[in-house]
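K.L.:
Sharing a sequence plus its predicted fold:
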Amino acid sequence: MTTRRLMVALAICVSSVAVVATGAEADIRFPDDDTTNSVAGVEAPLGHRLATGDLNGDGYEDLVLGNWSDDVGAARRAGSVAVVYGGEDGLDWTDVDVIHQDTPGVGGGAEEDDSFGEAIAIGNFDGDCCDDLAVGTKRDDLESNTVRDAGWVQIFSGTPSGLDTDDFGFDQETPGGWPAANEELDWFGDNLQTGDFDADGYDDLAISVVFEDIGTGASAVEDAGAVVVVFGTASGIDIGEYQVI
């Protein structure tokens with residue numbers, strides 16, 4: 001990319017003042033080494049989940065690696081996400097952000113077996129030139145850890161400086177969203193997919209709730225499953241605009 005093109009790409013990006021993920025020092029080891037693969041301290045085997053998009057709007061695609069079995073401090077298998085930024089020479093392994101639920105600004109808190117990053121998806125939810133990242137934590141315990149494996153989804157906005165760690169997180173009982181209950185073993189956020197389903201120029205997010213119970217009383221179907229679609233707007237994902245399948 002020429003300097004002029006890069007300056008134009010950065011100029012048209014829409015960004016706000018926010019806490020941006022600090023670029024970690026990359027420690028990349030390839031399979032022909034005698035050590036385990038790692039990026040910036042990620043202990044889990046890399047790349048259980050992969051997604052691509054231009055998170056900083058510079059015209060180069062970036063790579064996101066979901067490492068759901070990564071240990072975060074003493075929290076085993078809490079999970080992390082690594083973002084490797086693209087450049088004119090390809091992926092830049094010296095420019096890596098590692099994000100988990102104990103990263104400053106990120107909500108939720110890293111807990112054992114949360115599996116943060118087991119589901120990842122990239123879309124442009126707010127229509128600026130920087131793609132955004134959705135992360136599902138299907139085994140997140142909610143309501144002060146009393147609702148086991150209910151699940152949680154977090155949205156991280158892309159900015160010209162990289163991925164913003166000031167996330168927007170929500171579950172099935174977040175005010176203003178669909179009227180559903182957080183229930184044990186729902187696995188809200190087990191799978192995520194993006195697409196502009198209503199062709200309004202903003203990507204939307206489909207969220208699986210793989211073990212959702214459908215109906216009530218004698219007619220209830222246990223673990224039937226559901227998919228919730230939330231729609232993108234100029235302000236990003238709006239959980240008040242949704243469809244349930």
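P.N.:
Structure received. Residues are numbered from 1 along each chain as shown.

K.L.:
CA only for contacts and neighbour counts going forward, please
P.N.:
Fine.

K.L.:
So, low pLDDT: which residues of this protein?
P.N.:
1-46, 143-145, 216-219 (pLDDT under 70).

K.L.:
For Ile62, which residues are in contact?
P.N.:
Let me fix one detail, which is that residue 62 is Asp and not Ile. Asp62 makes contacts with 52-55, 83-86, 91, as judged by C-alpha atoms under 8 Å, 6 or more residues apart in numbering.

K.L.:
element containing Ala134, please.
P.N.:
Using DSSP states H and E, the secondary-structure element containing Ala134 is strand 132-137.

K.L.:
Looks to me like Glu111 is in a helix.
P.N.:
No: under DSSP: H, G, I helix; E, B strand; the rest coil, Glu111 falls outside any helix and is assigned coil.

K.L.:
circling back: following the chain onward from the strand holding Ala134, which element is next?
P.N.:
Beyond strand 132-137 toward the C-terminal end (DSSP H and E), the next one is strand 152-156.

K.L.:
packing partners for that following strand?
P.N.:
Packing contacts for strand 152-156, counted by 3 or more C-alpha pairs under 8 Å, 6 or more residues apart in numbering; DSSP states H and E, involve strand 132-137, strand 168-170, strand 188-195.

K.L.:
Distance to Val64 for those strands - can I get that in TSV?
P.N.:
Listed next are the helices and strands packed on strand 152-156 as TSV, based on distance: least, C-alpha to C-alpha, whole Å:
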stretch	distance to Val64
strand 132-137	9
strand 168-170	18
strand 188-195	14
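
K.L.:
most packed of those?
P.N.:
strand 132-137 (a mean of 27; mean count of other C-alpha atoms under 10 Å).

K.L.:
So what touches it?
P.N.:
So strand 132-137 is in contact with 55, 114-125, 151-158, 163, 188-192, going by C-alpha under 8 Å, 6+ apart.
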